[in-house]
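Student: prediction below, plus the sequence it came from.
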Amino acid sequence: MAMGEYARGLYYLLECAAAYLHLSNNYMAFCNLNTAENLIKSVDFRATVINQFEEATFYSLKGEVGYNMGQMNLAKKFIRKALILLNRRFPFTLIGVFFKTLMEVSKHAFHQKKQQFLYSRIAIVRSLCCCDLLWLKMCLLCDREKKLGFLYQQGHCLSLLWQLFSLDTATNSKKFCHLAALMKVNSAEESDDESQMGPPSPLGTLSSCPQRRGSNYVIISSYTEFSLCCQMMGNQDKWMKYELMAIQRSSHLRVIGGGLLTTVKLAQSLAYMKLCLGNLPLSIQLGYRTHEMCVRLKKPKLDYLVLCMLFKAFFLSIRYDANLCSHMDGLRRMVYGEEI
């Protein structure tokens, strides 16, 4: 920054803040974001053009820090600002939520029908000659990667937003929560469609490219989050439907590399959902298998989350058995006329 490279300085500060958040160090992330905010507000930096995506990332990181530190209203404010910069506005009123929900439901149905059209486009692209394919790849690659970046960031912001509304005790918060989760599903499906539209690799199919593998994890995680949201709202039909959709989507993945890691993360999410539902035996079974796979894959951070969930499930299971035994003893005493 002393040399006048303000854009690079901002990028470095945002990367540091994201790294500290990944390590759960909210204080250092907050310090780096404060430095970045002072840089953005400085007069010299205003002379340069601020990248819209980087500014949206700045607000999303501030919202995530606010969420981790319990500042829920402040976190909502920053996440909404980030979504505006990412061209995905979130409504403030119930009327806006109602009409936005209708739009998102119709968009979700459209994404399901769009798959056949995309496959026909892929067949047309594959019929092009090599020179046309190389030219098309150079033209589309930059715009496609930029759009995918926007879609992934939208999904991250919407994931935080529905969790924020799920912790809100207001009466109408469930409607906002459901809308945010549904918008995340649509963003994930749109990123999946966008990755399918990319030029095919001569060495393999589209499912083998990095963008395609990333979209698989994004769309599976969006299904599991929407299923959890519907489970918390008591909507059994939707919760079971999207849980099954996530499992079916994961069944087509290769059980190696990124596909195996995505399957393990899905198993961890399902174990947590069963824990929230109160199905302790199934939660323990899924959690134990996920723990074994995390050990084999050498993923200590994911294993730590799984072990924390397993501890809760085992603890509640032991407490449940103890309470059941005490209640059974009390019933026996009542039947035989003994004092409780």
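Tutor: Right, received. Where do you want to start?
Student: neighbours around Gln236, how many?
Tutor: Gln236 is flanked by 10 other residues according to other CB atoms under 10 Å. Any C-beta I mention is one placed from the backbone N, CA and C, and that applies to glycine too.
Student: quick one: contacts for it?
Tutor: Listed by CB atoms under 8 Å, 6 or more residues apart in numbering, the contact set of Gln236 reads Cys230.
Student: just Glu37 next, same as before
Tutor: Phe58.
Student: mind telling me what element it is part of?
Tutor: helix 26-41 (DSSP states H and E).
Student: distance of Leu275 from Met233?
Tutor: Separation of Leu275 from Met233 (CB to CB, to the nearest Å): 17 Å.
Student: quick one, which of those two is more surrounded?
Tutor: Leu275 (20 against 16).
Student: does that one touch Ser283 like I think?
Tutor: Yes: the pair Leu275 and Ser283 passes the contact test of CB atoms under 8 Å, sitting 4.2 Å apart.
Student: shared neighbours, those two?
Tutor: 309, 313.
Student: helix/strand/coil for Pro91?
Tutor: Three-state call for Pro91 (DSSP: H, G, I helix; E, B strand; the rest coil): coil.
Student: give me the phi and psi angles of it.
Tutor: phi -70, psi 160 (degrees, to the nearest 10).
Student: any idea how far Thr262 is from it?
Tutor: In this view, Pro91 and Thr262 are 32 Å apart by CB to CB.
Student: more neighbours: which of those two?
Tutor: Thr262 (21 against 16).
Student: who does the strand or helix carrying Leu83 touch, helix- and strand-wise?
Tutor: Secondary structure assignment for Leu83, by DSSP H and E: helix 72-85. Applying 3 or more CB pairs under 8 Å, 6 or more residues apart in numbering; DSSP states H and E, one finds that helix 72-85 makes contact with helix 52-68, helix 130-166.
Student: and it, what's buried?
Tutor: By neighbour count on 16 or more other CB atoms under 10 Å, the buried set for helix 72-85 is 75-76, 78-83, 85.
Student: now it against helix 26-41, angle please.
Tutor: 50 degrees (axes from the mean of the first three to the mean of the last three CA atoms, to 10 degrees).
Student: what secondary structure does Ile50 sit in?
Tutor: coil.
Student: distance of it from Ser251?
Tutor: 44 Å.
Student: the more surrounded of those two?
Tutor: Legend: neighbour count by other CB under 10 Å for Ile50 and Ser251, higher for Ile50 (14 against 8).
Student: ok, that one - contacts?
Tutor: Residues near Ile50 by CB under 8 Å, 6+ apart: 10, 40.
Student: so what's it scoring on pLDDT?
Tutor: pLDDT, Ile50: 73.
Student: got any ranges where the protein has weak pLDDT?
Tutor: Applying pLDDT under 70 to the chain flags residues 1-5, 43-49, 112, 114-143, 193-215, 255-257, 319-340.
Student: mind listing the strands for it?
Tutor: Using DSSP state E, no strands are found in the chain.
Student: show me the domain layout of it.
Tutor: 6-85, 92-252, 253-340 (automatic domain parsing).
Student: skipping adjacent residues, who's closest to Leu316 in space?
Tutor: Spatially, and ignoring its direct neighbours in sequence, Leu316 is nearest to Leu280 (5.9 Å; CB to CB, 6 or more residues apart in numbering).
Student: I meant to write Ala18 there.
Tutor: Of all residues not flanking Ala18 in the chain, Leu61 sits nearest, at 6.3 Å (CB to CB, 6+ apart).
Student: verify the stated contact: Tyr288 with Phe311.
Tutor: No: when contacts are counted by CB under 8 Å, Tyr288 is not listed as touching Phe311 (11.9 Å).
Student: mind checking which of these two has more residues around it?
Tutor: Tyr288 (14 against 11).
Student: now do the contacts for the more buried one.
Tutor: Neighbour list for Tyr288: Leu310 [criterion: CB under 8 Å, 6+ apart].
Student: all good on my end, thank you.
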